[in-house]
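Peer 1: sequence? don't have it. structure:
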């Protein structure tokens, strides 16, 4: 039984595959570009990364990324592609997320040996479950706080994203709550700007939502965007908690792993993870990090919800990729008892009642947040009609 | 006088340039994919992003990235490239780094309108200087703590990166100190693994360096890799400080902006920023973020040193790019009095005495750390000879 970290890469190289893989494994563990004193065979056996598997794929005649080297004097370069699986002993860095990232996604994207390199997935040993925060609320906790037992949480995003005052925001929230919505979020562009200060927004919005809850028994979940420095995020979290709010949101790429874990260790509310900037990591097929690997970092850091885009979205992502992402959020990262750090996927971007049936058919689950922007707010029949149409569509989808 | 944020992008699109630029500006400020109630002309004028300039470049016949859309019924697609400059009022998000990132590098890389999009640079208003930590030690503080007045700090990296015990590390540090080195750093793969626990490493290394300082008056600067969660980083910083150490190191991509700023607000020592993983952002010419934009985020968060690779490095980066990066670190981000958040560039990767003259000639400065790995540790004449050769080469370069 081995406590090793496994990472799977897509690679492209003009060098023999075994040689390129060995460079990657060496660079990311005990090796450097020359053999140095102290790098004994025993040390390499104990601490070196291990090439577990190389599965050759296709071949191309030109490099996908610039800057790659070619073997000396070997004639015209041919670039081989492969899936590569590498493993590390956890003893190299311990169950630490920032150091895991330096190991599996550090100084390797620039290696001359590669004209393409993408981290596709990783498997982490149990040590990470024990040492790292992980999700606190996830699906069950979110359903409990929102009072939505079976269907997806029908949600929306405050639009316009920026420019409205706290009072204007609260007035829109009132319409949405009266329209029967389950979930509302700040836009990722709205945090604590002077036009809409965080404290004022929380006070105005929660006044509306608390009154609505008193009247109807339903507490709409509002994900307040607390993104900022660590002390700001914790203060803002506490403000939301004290005002009776039930969710906070962070832009995970802007905040980073240490900041998200810091908030998670402090939090008494679910953390809604916004992945804005994710395209930088995953839009190239030849560089970066796939969503499969990416979302695992954030789950281990402790987020409860995570954006996956939506079917027929306004962005460039294909439907199959969206569903694969959502499935991954719902798949346990660890075997054994407990939910294994599963989280709730958030569908958004151009979502309306029209995507409900396909989303349910392709995902096979209702454990999700379904966020419609213009689809609800700009519905021709008004907000209540927009919410109703989306919920009816989900109800119909579930009942077949 | 306007407190606006300016960002410059390279874009590629099959749509008319003005139209694509307007979509980006709208998506990243007050717009969404349909016009919603509340998005008044007055709100757009106040909070909308502004397209400042579009400079058309070349044209290609196939898209650089997959997933891009094409205008309907317009015949075969042609992909125009351009430099685009966009601005935002600081009122949208305030001087907050995570929210700045959501604005200039958030939900735009996935827009269907673009088959390529890269953030090239940004200019920040004074508000960021006032609100954010910024570098605490930078060039002057690093020279003071290390006692190196004029030449670059001649440095090295502990190798093998991982696998050595604290005592083995300290034994190597002893050789390096006796060899006359100015600066040593942990490898980015070595943080607090069970083979080399952080506290044990600090104790063993500082015992050597303090004794050396007592004997010679020279305190070698050792950048201990404190990367981890926020509470861990602050504890480790305090351990280094208490032991008489003079520098801490973080893997900035793994830690993130909030974590780095949190450490900076606590720190009494310079923060050495390791950029491992940077290739993910900048290796593609068609996606991501250039080093020019990238390093500004970390400078504002408060790092003092930052890696720029080195001439004729073992990675894929060209010399011109390395020098442009180093120049940028030394160029003030803000006008007016004070160093304007300048930081000390760190040259590393395959560096030896051979690159000293060219580095000085191309950079025109000695305000840098020059880190040689195998170039010093594996020098045929031993470590002292390796250090001496590098220092002599710099001395000769400066004296012409």
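Peer 2: Yep, that arrived. Please read these numbers as outputs of a predicted model, since none were measured by experiment. Numbers count the residues shown, from 1 in each chain, chains lettered A, B, ... in the order given.
Peer 1: Where does the prediction get shaky in the stretch 201-350 of chain A?
Peer 2: Judged against pLDDT under 70, the stretch 201-350 of chain A has no low-scoring part.
Peer 1: in it, which spans are strands?
Peer 2: A:221-225, A:247-251, A:271-274, A:287-289, A:305-307, A:344-347 (DSSP state E, counting those that start in this stretch).
Peer 1: Make a markdown table out of those strands and add mean neighbour count.
Peer 2: From N, CA and C alone the C-beta is placed, and that goes for glycine too. As requested, the strands of the stretch 201-350 of chain A are arranged in a markdown table below (neighbours: other C-beta atoms under 10 Å in any protein chain shown):
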| stretch | mean neighbour count |
| --- | --- |
| strand A:221-225 | 27 |
| strand A:247-251 | 27 |
| strand A:271-274 | 29 |
| strand A:287-289 | 27 |
| strand A:305-307 | 28 |
| strand A:344-347 | 28 |
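Peer 1: any chance of those in TSV, plus distance to chain B?
Peer 2: Output for the strands of the stretch 201-350 of chain A, formatted as TSV (distance: least, C-beta to the nearest C-beta, whole Å):
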stretch	distance to chain B
strand A:221-225	8
strand A:247-251	4
strand A:271-274	8
strand A:287-289	5
strand A:305-307	10
strand A:344-347	13
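Peer 1: Tell me who's in contact with the residue of the stretch 251-400 of chain A found nearest chain B.
Peer 2: Among the residues of the stretch 251-400 of chain A, residue A:256 lies closest to chain B, at 0.8 Å counting by C-beta to the nearest C-beta. Residues in contact with residue A:256, defined by C-beta atoms under 8 Å, 6 or more residues apart in numbering or on different chains, are B:98, B:254, B:255, B:256, B:257, B:258, B:259, B:260.
Peer 1: that older thread, now for the strands of the stretch 201-350 of chain A, which one comes closest to residue B:240?
Peer 2: With C-beta to C-beta as the criterion, residue B:240 lies closest to strand A:247-251 of the strands of the stretch 201-350 of chain A, at 29.2 Å.
Peer 1: and the closest one, what does it pack onto?
Peer 2: Here strand A:247-251 touches strand A:221-225, helix A:230-242, helix A:257-266, strand A:271-274, helix B:97-104, going by 3 or more C-beta pairs under 8 Å, 6 or more residues apart in numbering or on different chains; DSSP states H and E.
Peer 1: and that strand with helix B:257-266, angle?
Peer 2: 90 degrees (axes from the mean of the first three to the mean of the last three C-alpha atoms, to 10 degrees).
Peer 1: For strand A:247-251, give me every contacting residue.
Peer 2: With contact meaning C-beta under 8 Å, 6+ apart, strand A:247-251 is reached by A:142, A:145, A:183, A:185-186, A:188, A:221-227, A:233, A:236-237, A:240, A:259-260, A:263, A:267, A:269-274, A:276-277, A:303, A:305, B:98-99, B:101-102, B:106.
Peer 1: do stretch A:385-400 as well
Peer 2: Outside stretch A:385-400, the residues that reach it (C-beta under 8 Å, 6+ apart) are A:150-152, A:154, A:176, A:179-181, A:352-354, A:356-357, A:359-361, A:366, A:370, A:372, A:375-379, A:381.
Peer 1: Excluding chain neighbours, give the residue nearest to residue A:104 in space.
Peer 2: residue A:7 (4.4 Å; C-beta to C-beta, 6 or more residues apart in numbering or on different chains).
Peer 1: near chain B, which residues of the stretch 251-400 of chain A?
Peer 2: With C-beta under 8 Å from any C-beta of the partner chain as the criterion, the stretch 251-400 of chain A meets chain B at residues A:251, A:253-262, A:265, A:274, A:276-281, A:283-289, A:309, A:314-318, A:350, A:373-374, A:377-378.
Peer 1: So how do I select the buried members of those in ChimeraX?
Peer 2: In ChimeraX syntax, the buried subset of these is picked out as below (16 or more other C-beta atoms under 10 Å in any protein chain shown):
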select /A:251,253,254,255,256,257,258,259,260,261,262,265,274,276,277,278,279,280,281,283,284,286,287,288,289,309,314,315,316,317,350,373,374,377,378
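Peer 1: for residue A:55, helix, strand, or coil?
Peer 2: strand (DSSP: H, G, I helix; E, B strand; the rest coil).
Peer 1: correction: residue A:393
Peer 2: Classified using three-state DSSP, residue A:393 is helix.
Peer 1: For it, grab the count of nearby residues.
Peer 2: Number of residues near residue A:393 (other C-beta atoms under 10 Å in any protein chain shown) recorded here: 20.
Peer 1: can you check residue A:100 too?
Peer 2: 27.
Peer 1: Could you pull up the residues touching the closest residue to residue A:126 other than its chain neighbours?
Peer 2: Once flanking residues are discounted, residue A:126 sits nearest to residue A:334: 6.2 Å by C-beta to C-beta, 6+ apart. Counting by C-beta under 8 Å, 6+ apart, residue A:334 makes contact with A:124, A:126, A:128, A:129, A:340, A:341.
Peer 1: contacting residues around the residue nearest the centre of chain A?
Peer 2: By C-alpha atoms, centre = their mean, chain A has its centre lying nearest to residue A:295, at 3.9 Å. By C-beta under 8 Å, 6+ apart, residue A:295 lies in contact with A:306, A:325, A:328, A:329, A:343.
Peer 1: now, among those residues, which is nearest to residue A:28?
Peer 2: residue A:328 (24.1 Å).
Peer 1: didn't that closest one look like it was pressed against residue A:291?
Peer 2: Yes: between residue A:328 and residue A:291 there is a contact at 7.1 Å, judged by C-beta atoms under 8 Å.
Peer 1: ok, stretch A:107-117 near chain B or not?
Peer 2: Yes: interface with chain B: stretch A:107-117 contributes A:107, A:108, A:109, A:110, A:111, A:112 (C-beta under 8 Å from any C-beta).
Peer 1: What is the neighbour count of residue A:61?
Peer 2: 8.
Peer 1: and the residue lying closest to it once chain neighbours are set aside, what pLDDT?
Peer 2: Distance criterion C-beta to C-beta, 6+ apart; nearest residue to residue A:61, sequence neighbours excluded, is residue A:78 at 6.6 Å. If you check residue A:78, the pLDDT there is 96.
Peer 1: neighbours around residue A:78, how many?
Peer 2: Residue A:78 has 13 nearby residues by other C-beta under 10 Å.
Peer 1: just the buried members of the contacts of stretch A:385-400?
Peer 2: If we count by 16+ other C-beta under 10 Å, the contacts of stretch A:385-400 have these buried: A:151-152, A:154, A:176, A:179-181, A:352-353, A:356-357, A:359-360, A:366, A:370, A:372, A:375-379.
Peer 1: I'd like to check which residues are in contact with the closest residue to residue A:197 other than its chain neighbours.
Peer 2: Nearest-residue entry for residue A:197: residue A:166, 7.0 Å, with adjacent residues in sequence omitted and distances by C-beta to C-beta, 6+ apart. Counting by C-beta under 8 Å, 6+ apart, residue A:166 touches A:196, A:197, A:200, A:201, A:203, A:204, A:205.
Peer 1: can those go into TSV with extra columns for distance to residue A:245?
Peer 2: As requested, the contacts of residue A:166 are arranged in TSV below (distance: C-beta to C-beta, whole Å):
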residue	distance to residue A:245
A:196	16
A:197	16
A:200	14
A:201	11
A:203	10
A:204	12
A:205	8
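Peer 1: got these as JSON lines, with neighbour count and distance to residue B:69 columns?
Peer 2: Listed next are the contacts of residue A:166 as JSON lines, based on neighbours: other C-beta atoms under 10 Å in any protein chain shown; distance: C-beta to C-beta, whole Å:
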{"residue": "A:196", "neighbour count": "24", "distance to residue B:69": "32"}
{"residue": "A:197", "neighbour count": "15", "distance to residue B:69": "38"}
{"residue": "A:200", "neighbour count": "15", "distance to residue B:69": "39"}
{"residue": "A:201", "neighbour count": "28", "distance to residue B:69": "35"}
{"residue": "A:203", "neighbour count": "14", "distance to residue B:69": "42"}
{"residue": "A:204", "neighbour count": "21", "distance to residue B:69": "38"}
{"residue": "A:205", "neighbour count": "28", "distance to residue B:69": "36"}
